[in-house]
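*Asks:* pasted the sequence and its predicted model underneath.
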Amino acid sequence: MTEKTLTVENKTGIHARPASVFVQTASKFKSKIEIKANGKTANAKSILTIMSLGLSKGTEITICADGEDEQDAVSALAQLVESKFGEE
């Protein structure tokens, strides 16, 4: 299992558009990928579960992946979060 903890930095948090980009990226990988935040865990390949976390600016999230391409998956998703999903 590979995991990385980050802080959501974009002003509007992870709303519908960045959540959609996150899910599209996560879905490219074979590994099981989850996001943990606020004491909850969500399937990173499901936009509904990601939206249910209510990820606003300043929220600390942990991206966890388990499978054959787990390191690439965590790296790609962490880059998305760190780049603020290209919104700023």
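*Replies:* Okay, I see it.
*Asks:* count of neighbours near residue 2?
*Replies:* 17 (other Cβ atoms under 10 Å). In this view, the C-beta of every residue, glycine as well, is placed from N, C-alpha and C.
*Asks:* please apply the same query to residue 1.
*Replies:* 11.
*Asks:* show me what contacts the residue located most distally from the centre of the chain?
*Replies:* Centroid-distance maximum for the chain: residue 68 at 18.3 Å, with Cα atoms, centre = their mean. Counting by Cβ atoms under 8 Å, 6 or more residues apart in numbering, residue 68 touches 30-31.
*Asks:* and it, what's its pLDDT?
*Replies:* Residue 68 carries a pLDDT score of 98 in this model.
*Asks:* also residue 88?
*Replies:* 74.
*Asks:* so it versus residue 27, what's the distance?
*Replies:* Using Cβ to Cβ, to the nearest Å, residue 88 is found at 24 Å from residue 27.
*Asks:* more neighbours: those two, which one.
*Replies:* Higher neighbour count among residue 88 and residue 27: residue 27, with 12 against 9, using other Cβ under 10 Å.
*Asks:* my guess is that one contacts residue 43, does it?
*Replies:* No. Counting by Cβ atoms under 8 Å, residue 27 does not reach residue 43; the two are 10.5 Å apart.
*Asks:* what's the overlap in contacts for those two?
*Replies:* Counting by Cβ under 8 Å, 6+ apart, nothing touches both residue 27 and residue 43.
*Asks:* tally up the residues packed near residue 25, please.
*Replies:* Residues near residue 25, counting by other Cβ under 10 Å: 17.
*Asks:* verify the stated contact: it with residue 77.
*Replies:* Yes. In this structure, residue 25 is within contact of residue 77 by Cβ under 8 Å, at 6.0 Å.
*Asks:* would you map the helices across this structure?
*Replies:* With helices called from DSSP state H, the chain shows them at 16-26, 47-52, 70-82.
*Asks:* nearest to residue 37, of the ones you listed?
*Replies:* Judged by Cβ to Cβ, the one of the helices of the chain that comes nearest to residue 37 is helix 47-52, at 9.4 Å.
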